[in-house]
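In: below: sequence and its predicted model.
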Amino acid sequence: MKRSIGLLLMMGALAGCVGKGGSTSATNPQPTPALTSATNCDPFGEFVDGELSYNNDAWGLSNLLPGQTYSQCVIRSVTPQNRYQYSFNWNWPTNPKAAGIFAYPNVMYGLNPNWHGHASSTSKLPLQVSQLKGLTASAEVNLTSTGSYDLAYDLFFTTHASDTENNVIKSEIMVWLDYKNMNPAWWPSVGQVTIGNMLFDVYASTTFQAQTTPPSSPRAFIVFAPHQIPVYAGTIDLKAMIDYCVQRGLIDPANYLSMVSLGAEIATQDGGFGQMTINQFAVNIK
């Protein structure tokens, strides 16, 4: 898979001060910090840039067979325009017996409820669903990949607004923007819905358990699959999807939206190799 992620960085500006006599003076401009390229290949290695976290999130390492090896890295590079750009590359083996996920390299906004001890990347999340007035996500993605994968937004909904031991994931929405050798019809069909100018098939399970050790508590798991794929650029109204799920009892409005992420799930049945670069990613909350 391939995606490139481009972020604009806020640069320092001239600072002004007003004296007693009303005159204005400007301090000397501060030198712009030098940007540095770097690579992080730790299973949960990340780069934090403002309110975004770019993370390898190789949470399915237990699906490797004895003796199997893999590689996956998140790469921070510097563009000719002197901006940071983030990408991922990976090479995973195959374990058809596991029927699970090796990793979800992604860019994340908010609080990942699976990572205890982490703070939210933004003061806007978690937010109670009943208080959510609007939510859109915009992205532009390039991607190349072999093997089995999906490219998806992922949203978690939890019982609490803080990272506590009794915080439980109650619902999860995924929006599959692209997929290969993966099938959203693995879960029961809920129906179809048009959001914006896109028609989605919707699938859901109310007893889904993530393949973690130990297994997660049962949750509602919802997949929105567009009729036409891939969708590598554009804006999606995530609030409309949440409303659809609330109306069908799949999300409790008293629960909290904890995070919004965009990444690639790499499946165990045919891991493969790929590269992902996200040229643009933004979340707008009201």
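Out: The structure has been received and is ready for your questions.
In: average pLDDT across stretch 203-216?
Out: Averaged across stretch 203-216, pLDDT comes to 81.
In: ok, and what's touching stretch 193-200?
Out: 192, 202, 224-228, 231, 235-237, 240-241, 244 (C-beta atoms under 8 Å, 6 or more residues apart in numbering). Using the backbone N, CA and C atoms, a C-beta is placed for each residue, glycine as well.
In: take the residues you listed and lay them out in JSON lines including distance to S216, neighbour count and secondary structure.
Out: Listed next are the contacts of stretch 193-200 as JSON lines, based on distance: C-beta to C-beta, whole Å; neighbours: other C-beta atoms under 10 Å; DSSP: H, G, I helix; E, B strand; the rest coil:
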{"residue": "Q192", "distance to S216": "28", "neighbour count": "11", "secondary structure": "strand"}
{"residue": "V202", "distance to S216": "22", "neighbour count": "22", "secondary structure": "strand"}
{"residue": "F224", "distance to S216": "21", "neighbour count": "27", "secondary structure": "strand"}
{"residue": "A225", "distance to S216": "22", "neighbour count": "22", "secondary structure": "strand"}
{"residue": "P226", "distance to S216": "27", "neighbour count": "17", "secondary structure": "strand"}
{"residue": "H227", "distance to S216": "30", "neighbour count": "10", "secondary structure": "coil"}
{"residue": "Q228", "distance to S216": "32", "neighbour count": "7", "secondary structure": "coil"}
{"residue": "V231", "distance to S216": "28", "neighbour count": "16", "secondary structure": "coil"}
{"residue": "T235", "distance to S216": "31", "neighbour count": "12", "secondary structure": "strand"}
{"residue": "I236", "distance to S216": "26", "neighbour count": "22", "secondary structure": "strand"}
{"residue": "D237", "distance to S216": "28", "neighbour count": "15", "secondary structure": "strand"}
{"residue": "A240", "distance to S216": "27", "neighbour count": "17", "secondary structure": "helix"}
{"residue": "M241", "distance to S216": "22", "neighbour count": "22", "secondary structure": "helix"}
{"residue": "Y244", "distance to S216": "23", "neighbour count": "20", "secondary structure": "helix"}
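In: which residues in the stretch 101-250 of the chain form strands?
Out: If DSSP state E, counting those that start in this stretch is used as the criterion, the strands of the stretch 101-250 of the chain fall at 101-103, 106-110, 127-128, 135-145, 149-158, 169-180, 189-195, 198-208, 219-226, 233-237.
In: turn those into CSV, including distance to A254.
Out: Converted to CSV, these look like this (distance: least, C-beta to C-beta, whole Å):
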stretch, distance to A254
strand 101-103, 29
strand 106-110, 18
strand 127-128, 7
strand 135-145, 17
strand 149-158, 10
strand 169-180, 10
strand 189-195, 21
strand 198-208, 17
strand 219-226, 14
strand 233-237, 22
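In: return the member of the contacts of stretch 193-200 nearest to S53.
Out: Of all those, I236 has the smallest distance to S53: 20.2 Å, by C-beta to C-beta.
In: identify the bridge partners of S189.
Out: S189 forms beta bridges with Y203, as assigned by DSSP bridges.
In: what's the burial count for it?
Out: By other C-beta atoms under 10 Å, the residues close to S189 number 11.
In: cool, and the one 4 residues further on?
Out: As a burial measure, the neighbour count of V193 was computed by other C-beta under 10 Å and equals 14.
In: who does it bridge with?
Out: Bridge pairing for V193 - DSSP bridges - gives F200.
In: got it, and G234?
Out: For G234, the beta-bridge partners under DSSP bridges are A139.
In: neighbours of S120, how many?
Out: The number of residues packed near S120 is 18, by other C-beta under 10 Å.
In: check contacts around the closest residue to G191 other than its chain neighbours.
Out: Among residues not flanking G191 along the chain, V202 sits closest, at 5.7 Å (C-beta to C-beta, 6 or more residues apart in numbering). The contact partners of V202, by C-beta under 8 Å, 6+ apart, come to 189-193, 222-225, 244.
In: and the strands of the stretch 101-250 of the chain: which comes nearest G272?
Out: Closest to G272 of the strands of the stretch 101-250 of the chain, according to C-beta to C-beta: strand 135-145, at 6.2 Å.
In: thank you, goodbye.
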